[in-house]
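Undergrad: okay, sequence plus prediction incoming.
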Amino acid sequence: MNHFSYYNPTRYVFGHGEYQNVGKLLHGRTKKLLLHYGGGSIKRSGLYNAVVNALNDAGIAFIELGGVKPNPCLETVRTGIALCREEQADCILAVGGGSVIDSAKAIAMGCAHQGDVWKLFTGEEQLSAPPLPVATILTLPAAGSENSPNTVISNPATNRKLGYGHELLRPMLSIVCPELFLTLPQEQMAYGACDMLCHIFERYFTNTPGTELTDALCEATMRTIMQQASILRQEPGNEAAWAQLALSGTIAHNNILGLGREQSWTCHALEHELSAVYDVPHGAGLAVIVPAYFDAVWRANPGIFAQWAVNVMGVSASRDTERVVQEGIRRLRAWYRELGLPQTLQELGIPAEADVAAMAAGACSVRAGGILPGVKALNQAEAQAVFEACR
Ligand code: NZQ
Ligand code: ZN
C-alpha cells in the first residue's frame, strides 16, 4: 500500500425527503446563494418549487441560473461567475446530476480565482484562492461529484473536455434522496451504473501490492452496483434499489476505495475525447471503451483480472487464468448489453471516419510524458489501437 493523505469534509445527508431540510442545513452558512440547475427536470418533478420554498422558509436569499447541459460547457460557467460576482453570492447550491454539480464547482473556483478559469483545466494556472462553498441536492446517481474533489468541463471552441481536481472542491453539503431518482429515464440509470463501475475499475486494476482491504471494499461495491442496476432494469420504481445504487455511486468515487493504490484513469481519458468531440453521454462512452481497454491490458497483470472475474463476475476459479479472465470480460459485455448500453463506436452514433488518431493524441496530451498509466501504460499508438478495437 502506498502513502496517502485523505481529506473529506462533505456533510452527507441521505434519505427520503431530506431535500426539504436544505434551508435548515444551509442556515447561517450563506448570505446569498446561486441556485444552479439543468435543463428543466427539476421543474417538471416539483423539486424546484420544494427547494425554493425551503430556502424562503429559512430566510436564505438567492439568485438562480439554470440551463446547464449534459457535458457542461465553459460558457455557462463564465455566465455563472459573472453573475455571482455581480450579485455577491457567497455559496452555490447545485440541484441536479454530475453536470450541474461540476458546473457549480467550476463557477465556485472561477469566482475566487484571479485568472482565467479555463486555464485551471488546461494546467496553465493554479487556483489562487479557495473556491466558494458548494452544496448539492443530487438528482442522478452516477458521476459521484456530490462527494468528489473533481469537476469536468467541456470547451466546444477547442473540442476539449478536461477535468480539474482540488481537495477544496468537495462539496460542503450533499443531500441524497432515493425518491428523486424515480423520474430518471432507463438509459440514464444504465449510464450512471456504468460510470460508477468504471470509477472503481480505474482504482481496482492496479499493480500496487498489499491492497487486500480496498480490494475487498471495491469488490463488494462493484457487486452491489451490478445487482442493484439489474433490479432497476426490471423495476425502475424500486426505491430501495435506488438507495443502494446511489450510496454505491458516492462510495465508488469519493476515493475511499482508492486509498494507497496507484490509479489509472485511462478509460476516462479516452472517453472524455469521445464526449468532447461527439457530445456522447459519459457512461455510454465508457461502456464502449472499457471492454476494449481490458482486452488490451489484462495480460500485464492477469492476477488482478482473474481475481475480479472470480470475486465480482462470478466466474469459477481455475488454473486456466486466460479462460477465467476472458469469461469475466465476456460477462461484463453481457451485463452492458442487458442494460441496453452501446458496445461499439457505431452504436454510440460516432461515424466510421472518426479521427481516432487525433483522439488518441488528445487523451495522451493530458498525461505526464504523454503516457496513459495503468496496469499496462499505453503510448499514443496503443491508445489509438484501443479506439480502433471499438469500431
Ligand atoms: O438537465 P436536466 O433537465 O436536469 O436533465 C438531466 C440531463 O439531461 C437528466 N436528469 C438528471 N436528473 C434527473 C434527470 N431527468 C429526470 N429525472 C431526474 N431526477 O439527466 C441528464 C444527464 O444529466 P448529467 O448531469 O449530464 O449526468 P451525470 O450525472 O451522468 O453527469 C455526467 C457528467 O459528469 C462528469 C461527466 O464527464 C459528465 O460531464 N463526471 C464528473 C466527475 C466528477 N466531477 O467527479 C467524474 C465522472 O467520471 C464524470 O467524468
Ligand atoms: Zn466517470
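TA: Thanks, I have the structure now. Ligands and ions are numbered 1, 2, ... in the order given.
Undergrad: name the nearest residue to residue 181, ignoring sequence neighbours.
TA: Leaving aside its chain neighbours, residue 181 sits nearest to residue 242 (4.5 Å; criterion: CB to CB, 6 or more residues apart in numbering). From N, CA and C alone the C-beta is placed, and that goes for glycine too.
Undergrad: need the residues of this structure near ligand 1, please.
TA: 38-42, 70-72, 96-100, 102, 139-140, 142-145, 148, 150-152, 180-181, 183-184, 188, 191-192, 195, 253, 268, 282-283 (CB under 6 Å from any ligand atom).
Undergrad: ok, the residue nearest to residue 181 to residue 254 distance?
TA: Going from residue 242 to residue 254 by CB to CB, to the nearest Å gives 19 Å.
Undergrad: so those two - more neighbours on which side?
TA: Using other CB atoms under 10 Å, the more surrounded residue of residue 242 and residue 254 is residue 242, with 25 against 21.
Undergrad: tell me the SS of the more buried one?
TA: Following DSSP: H, G, I helix; E, B strand; the rest coil, the label given to residue 242 is helix.
Undergrad: go ahead and confirm it touches residue 182.
TA: Yes: counting by CB atoms under 8 Å, residue 182 is a contact partner of residue 242 at 7.1 Å.
Undergrad: and the helices in the stretch 51-200 of the chain, which stretches?
TA: Ranges of helices in the stretch 51-200 of the chain, per DSSP state H, counting those that start in this stretch, are 74-87, 98-112, 117-122, 186-204.
Undergrad: just name the most buried of those.
TA: For the helices of the stretch 51-200 of the chain, the largest average neighbour count (mean count of other CB atoms under 10 Å) is found in helix 98-112, namely a mean of 28.
Undergrad: mean confidence score for that one?
TA: For helix 98-112, the mean pLDDT works out to 98.
Undergrad: show me what it is packed against.
TA: strand 32-37, helix 74-87, strand 91-96, helix 117-122, strand 134-138, strand 150-155 (3 or more CB pairs under 8 Å, 6 or more residues apart in numbering; DSSP states H and E).
Undergrad: for it, output the C-alpha coordinates as PDB.
TA: These are the backbone C-alpha positions of helix 98-112, laid out as PDB (Å, rounded to 0.1, in the frame of the first residue of the first chain):
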ATOM      1  CA  GLY A  98     -23.000  15.400 -12.300                       C
ATOM      2  CA  SER A  99     -23.100  18.100 -15.000                       C
ATOM      3  CA  VAL A 100     -24.900  20.700 -12.800                       C
ATOM      4  CA  ILE A 101     -22.600  19.900  -9.800                       C
ATOM      5  CA  ASP A 102     -19.400  20.100 -12.000                       C
ATOM      6  CA  SER A 103     -20.600  23.400 -13.400                       C
ATOM      7  CA  ALA A 104     -21.200  24.700  -9.900                       C
ATOM      8  CA  LYS A 105     -17.700  23.700  -8.800                       C
ATOM      9  CA  ALA A 106     -16.200  25.400 -11.800                       C
ATOM     10  CA  ILE A 107     -18.200  28.600 -11.000                       C
ATOM     11  CA  ALA A 108     -17.100  28.400  -7.400                       C
ATOM     12  CA  MET A 109     -13.400  28.300  -8.200                       C
ATOM     13  CA  GLY A 110     -13.800  30.800 -11.100                       C
ATOM     14  CA  CYS A 111     -15.300  33.300  -8.600                       C
ATOM     15  CA  ALA A 112     -12.300  33.100  -6.300                       C
END
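Undergrad: now it: how far from the chain's centre is it?
TA: 14 Å (CA atoms, centre = their mean, to the nearest Å).
Undergrad: go on, stretch 237-254?
TA: Distance, stretch centre to chain centre, for stretch 237-254: 13 Å (CA atoms, centre = their mean).
Undergrad: may I have it exported as PDB, CA atoms only?
TA: What follows is stretch 237-254, C-alpha atoms only, in PDB (Å, rounded to 0.1, in the frame of the first residue of the first chain):
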ATOM      1  CA  GLY A 237     -39.700   2.300  -9.300                       C
ATOM      2  CA  ASN A 238     -37.800   0.200  -6.700                       C
ATOM      3  CA  GLU A 239     -36.700   3.000  -4.300                       C
ATOM      4  CA  ALA A 240     -34.700   0.600  -2.100                       C
ATOM      5  CA  ALA A 241     -32.600  -0.400  -5.100                       C
ATOM      6  CA  TRP A 242     -32.100   3.300  -6.000                       C
ATOM      7  CA  ALA A 243     -30.900   3.900  -2.400                       C
ATOM      8  CA  GLN A 244     -28.300   1.200  -2.600                       C
ATOM      9  CA  LEU A 245     -27.200   2.300  -6.100                       C
ATOM     10  CA  ALA A 246     -26.800   5.900  -5.000                       C
ATOM     11  CA  LEU A 247     -24.800   5.200  -2.000                       C
ATOM     12  CA  SER A 248     -22.600   2.900  -4.100                       C
ATOM     13  CA  GLY A 249     -22.100   5.700  -6.600                       C
ATOM     14  CA  THR A 250     -20.800   8.000  -3.900                       C
ATOM     15  CA  ILE A 251     -18.500   5.400  -2.400                       C
ATOM     16  CA  ALA A 252     -17.300   4.500  -5.900                       C
ATOM     17  CA  HIS A 253     -15.800   7.900  -6.400                       C
ATOM     18  CA  ASN A 254     -15.100   9.600  -3.000                       C
END
